[in-house]
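Chemist: Give me a model of this one.
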Amino acid sequence: MNEKQAIAHSRIEIMLAISGSLSGLLVACFIAAKNDYFYSNLQYYWGSQLLVLACLTPLRPRPAVVAGAGLFLAFYLGCFHIWVFSMIRPEPMLWIIYFFSLAGAALTMMLGAYWQRRQPQRAIWLSAGLSALHTMAGLGLGVLVLAIW
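Modeler: Residues are numbered from 1 along each chain as shown. Model (predicted):
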């Protein structure tokens, strides 16, 4: 790979990381109630995702890792919202499950980012996909621990 191609790949990864992080903001804006509590709901939804993504910063992962994790966290937020409001009487305390399940995602994302640092030549899409799988496994682990507890 020559220098021009490396710069192009770097730019693509950075744009993917930005879009992965901002996708959570878009989902949070979409699902937050449009009333006096809009900003506090937005802060809860997107702020919790940013906290999880911030756990990756000490490991300095590739931007593709951040992109995959951010996109899957946005997907999880949307699916969780659909699940809560598909009930006949939505229980507001179910959102605590969302918040606490993110701990498992943070743990497995950090493990996955550490593991992927040892293989830097991996393709962008493969790296992002593996990061999304690590995030999914961590969210599943977090929900399982909450269900058992």
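Chemist: Run through who's touching stretch 16-28.
Modeler: 41-42, 45-46, 49-50, 53, 63-64, 66-71, 73-74, 77-78, 81, 124, 128 (C-beta atoms under 8 Å, 6 or more residues apart in numbering). Using the backbone N, CA and C atoms, a C-beta is placed for each residue, glycine as well.
Chemist: Any of the residues you listed buried? List them.
Modeler: 41-42, 45-46, 49, 53, 63-64, 66-71, 73-74, 77-78, 81, 124, 128 (16 or more other C-beta atoms under 10 Å).
Chemist: Name all residues that make contact with Pro61.
Modeler: By C-beta under 8 Å, 6+ apart, Pro61 lies in contact with 113, 116-117, 131.
Chemist: Swap in 7 Å and give it another go.
Modeler: With contact set as C-beta atoms under 7 Å, 6 or more residues apart in numbering, Pro61 has these partners: 113, 116-117.
Chemist: Can you classify it by secondary structure?
Modeler: Following DSSP: H, G, I helix; E, B strand; the rest coil, Pro61 is assigned to coil.
Chemist: Tell me the helix or strand right after the worst-scoring helix or strand of the chain on mean pLDDT.
Modeler: Within the chain, judged by mean pLDDT, DSSP states H and E, the helix or strand with the poorest mean is helix 3-31; its value is a mean of 87. Next helix or strand after helix 3-31 toward the C-terminus (DSSP states H and E): helix 38-54.
Chemist: Quick check on Leu56: phi, psi?
Modeler: phi -80, psi -20 (degrees, to the nearest 10).
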